[in-house]
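A.B. asks: Sharing a sequence plus its predicted fold:
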Amino acid sequence: MKTQWFMLWFILLGLPFTAKSQSDLLFNNQQINSIARNPAAIDQNGLINAYLGAHQQWIGFEDAPNMQWASVSTYFDRYNMGVSLNVFNQSEGVALTQNIKLGYAYNVRINTQNNLSLGIGAGVYFRRLDYSKLHFAEEETDIPLYDQNVIRPDFDFGLEYNYKNLKLGLAANHITVFNSSATLQKIPIQTQAYINYQLRVGENMLLVPEVNYFMSSRISTVGFSMDFQYRSIFSAGMEYRTGQSFILRAGLHLSDKIELRYAYDMGSGSFATYHSGIHEVVIIGRFSKRSSGLNSPRFLDN
């Protein structure tokens, strides 16, 4: 196998481990993976929540994997339901994937302390493989040197359970394609699970330990993280993903409406020698919804 062909596979995989076919890139900021990948994970804060993220892997590599993400969601207390819209643009070398998906979540209020949200997501993804970017020292007869484009329907499922300060989530993405039928054109089913707990320390500090799990094809990783938040003004944390990376992150609430988060992945183990850092920035906006009530002069009547 030629060196160029090996590098194509290395870049196409996107994640810092090898797999049979293309995988979604993982976010490095706190709990952003659950918001982006789990249709049940919609903030029930009565606001319109907007997210804008940029993720750049393997600084120093040409055509290194990168991702841009935009999302908007809101929850309707009256109907115990929430809706979301997620748009992804992901590039890995000769591969480009664009994904747009609508999400719906329904909240089952078991009692005042127990809540279960069930979510589904539906949309399409466009996948382009531009083999014309490849240049070989010798002629290769078994590698196509033209574009390949595909548009496929895409579906997700997720649930999220909350008990007091404990949160447990489970999600499956691209659920129509099993590992046995996955190809470079067909993204395989990917699953994630997470559990975290919000621990109040005094009046000013909140600690959030979390354990998360991600599996794509036959490859899996487990993450262990600890984040803290001070007076809803500043946050910081760290995460270790088994065999892959060590992540540092920080966040700043610029106002009641705008929050800025940054994460830096320095890699771990032998993979740390292959890149000069992974950078990620996420901007979060939270905006009030326009009141649906109508003002009437009749309220002045006695």
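C.D. replies: Noted; the coordinates are in hand.

A.B. asks: Tell me how many other residues surround residue 78.
C.D. replies: When neighbours are counted by other C-beta atoms under 10 Å, residue 78 registers 6. Glycine gets a C-beta too; all of them are placed from N, C-alpha and C.

A.B. asks: If you could redo that for residue 169, that was the one I meant.
C.D. replies: Applying other C-beta under 10 Å, I find that residue 169 has 24 neighbouring residues.

A.B. asks: So which residues of the stretch 51-200 of the chain form strands?
C.D. replies: Under the criterion DSSP state E, counting those that start in this stretch, strands of the stretch 51-200 of the chain are mapped to 66-76, 81-92, 95-109, 114-130, 147-163, 166-173, 190-197, 199-201.

A.B. asks: of all the ones you listed, which lies closest to residue 28?
C.D. replies: Residue 28 lies closest, by C-beta to C-beta, to one member of those: strand 66-76, at 11.0 Å.

A.B. asks: is it possible to export the strands of the stretch 51-200 of the chain to CSV including distance to residue 33 and mean pLDDT?
C.D. replies: Listed next are the strands of the stretch 51-200 of the chain as CSV, based on distance: least, C-beta to C-beta, whole Å; pLDDT from 0 to 100:
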stretch, distance to residue 33, mean pLDDT
strand 66-76, 11, 96
strand 81-92, 12, 95
strand 95-109, 14, 95
strand 114-130, 14, 94
strand 147-163, 11, 94
strand 166-173, 9, 97
strand 190-197, 6, 97
strand 199-201, 21, 94
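
A.B. asks: Which of the ones you listed sits closest to residue 285?
C.D. replies: Ranking these by proximity to residue 285 (C-beta to C-beta) places strand 66-76 first, at 9.0 Å.

A.B. asks: Tell me the buried residues in the closest one?
C.D. replies: Across strand 66-76, burial judged by 16 or more other C-beta atoms under 10 Å covers 66-67, 69, 71-75.

A.B. asks: which residues sit against that strand?
C.D. replies: For strand 66-76, contacts defined as C-beta atoms under 8 Å, 6 or more residues apart in numbering pick out 25, 27, 35-36, 42-57, 81-91, 103, 105, 107, 289.

A.B. asks: Partner strands of it, with direction?
C.D. replies: Applying DSSP bridges to the sheet, strand 66-76 is found paired with strand 47-56 (antiparallel), strand 81-92 (antiparallel).

A.B. asks: Which among the contacts of strand 66-76 count as buried?
C.D. replies: 25, 27, 35-36, 42-44, 47-51, 53, 55, 57, 82-84, 86, 88-91, 103, 105, 107.

A.B. asks: before we move on, back to that, of the strands paired with strand 66-76, which is nearest residue 236?
C.D. replies: Evaluated over these, closeness to residue 236 peaks at strand 47-56, with 18.2 Å, by C-beta to C-beta.

A.B. asks: Contacts for the closest one, please.
C.D. replies: 25, 27-29, 32, 35-36, 42-43, 64, 66-74, 278-289.
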